[in-house]
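*Asks:* fold the following for me, if possible:
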Amino acid sequence: MNAIEMKNLTKTYGKNRGIHDITMSVEEGDIFGYLGPNGAGKSTSIRCLLGMITASCGQAYMLGTKVGRGQMAEILKRVGYMPSEAYFYPSMKAGEVIRYGAALRGMDCREEEERICRILEVDRNKKIRELSLGNRKKVSIVCALQHKPDLVILDEPTSGLDPLMQEAFFDLLMERNREGMTCFLSSHVLPEVKKYCRHVGILREGELVKVDTVENLTRTKLQALRKIKIYGTTRIPELEGVSQVVRWEDGIGFSYQGEMKILLRALQGLEVKDLLISEPSLEEVFIHFYG
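*Replies:* As a prediction, this is how the structure comes out:
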């Protein structure tokens, strides 16, 4: 079963851009990265999934149930959500907010609350107004994960977190994922998407332009972005597909589009001491789709 399905999902705002005809699915147990610049439609898609706004047309399903009136209470019992901005009642203490979130679900989450707060070093005695952005984010993480959801939807989850907390956060996600939780991650931080996500969807101007595995996107789709560094010679191989040549004292670098066996044949006879071949980064793939 798919954890998320969108079928021709469309949301219009008059002349303003929303999303148009998005059809895609996220398998149960996947860690799915949802990519796009500001205004591409990521948050609009998420709000349609969560029932915060009503799609103009098309359908959405979460955990096998159609998103719509009368269904959301049951769906959201099994879903965790972390918005990009962590807004809470400013006069409440962090611990009160966390317990309030559990009470709204009618669940006793104290054991898991305690564990996550310990891992993320959450000070539950401070009022929300006294917390930095990073510490409000940590409260939001606890609220999203304390009920052990089957699916968690995360919108820019690591903004404001220091590197140690980012690592602790992803350790939590990976632990839960190994237990079967599906992660739907909207992010601008492409290195973390490449490190943790298995599949990605790329949005551009409200439309889905690509869904693929991270490996396929960075290894097979954009071979023109393959970077070559050769140490021991400054002579450029005589073959087609070479561009962006740079030289230094004991080597050369260039971009190469073509088959590797042709490149390796062209290097025969050269005094090659070392050879480095880099596949395109996810950043380069992302820029390619927006170039």
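*Asks:* now do the helices in the protein.
*Replies:* Chain-ordered helices for the chain, with DSSP state H as the definition, fall at 42-49, 72-76, 94-104, 110-120, 133-145, 163-178, 190-196, 214-219, 260-267, 282-290.
*Asks:* wait, which of those is closest to residue 28?
*Replies:* Each of the helices of the chain has some distance to residue 28 by CB to CB; the shortest is helix 163-178, at 10.7 Å. (Glycine included, C-beta is placed from N, CA and C.)
*Asks:* hmm, who's touching that closest one?
*Replies:* By CB atoms under 8 Å, 6 or more residues apart in numbering, the list of residues contacting helix 163-178 from outside reads 29, 31, 116, 119-121, 134, 138, 141, 145, 148, 152, 157-158, 161, 181, 183, 192, 195-196.
*Asks:* from these, list just the buried residues.
*Replies:* Neighbour counting with 16 or more other CB atoms under 10 Å marks 31, 116, 119-120, 134, 138, 141, 145, 152, 157-158, 161, 181, 183, 192, 196 as buried within the contacts of helix 163-178.
*Asks:* pLDDT-wise, what's the bottom of those residues?
*Replies:* Lowest pLDDT of the buried ones among the contacts of helix 163-178: residue 192, 84.
*Asks:* next up, the contacts around the residue nearest to it when sequence neighbours are not counted.
*Replies:* Once flanking residues are discounted, residue 192 sits nearest to residue 158: 6.6 Å by CB to CB, 6 or more residues apart in numbering. Going by CB under 8 Å, 6+ apart, residue 158 touches 137, 166, 169, 187, 189, 192.
*Asks:* with residue 119 instead?
*Replies:* Residue 119 sits in contact with 168, 171, 172, where contact means CB under 8 Å, 6+ apart.
*Asks:* for the second one, the count of nearby residues, please.
*Replies:* Counted with other CB atoms under 10 Å, residues neighbouring residue 171 total 11.
*Asks:* still on that earlier bit, separation between the residue nearest to residue 192 and residue 138?
*Replies:* 11 Å (CB to CB, to the nearest Å).
*Asks:* quick check: pLDDT value at residue 267.
*Replies:* For residue 267, pLDDT reads 81.
*Asks:* can you pull the contacts of it?
*Replies:* Applying CB under 8 Å, 6+ apart, the residues near residue 267 are 230, 237, 275.
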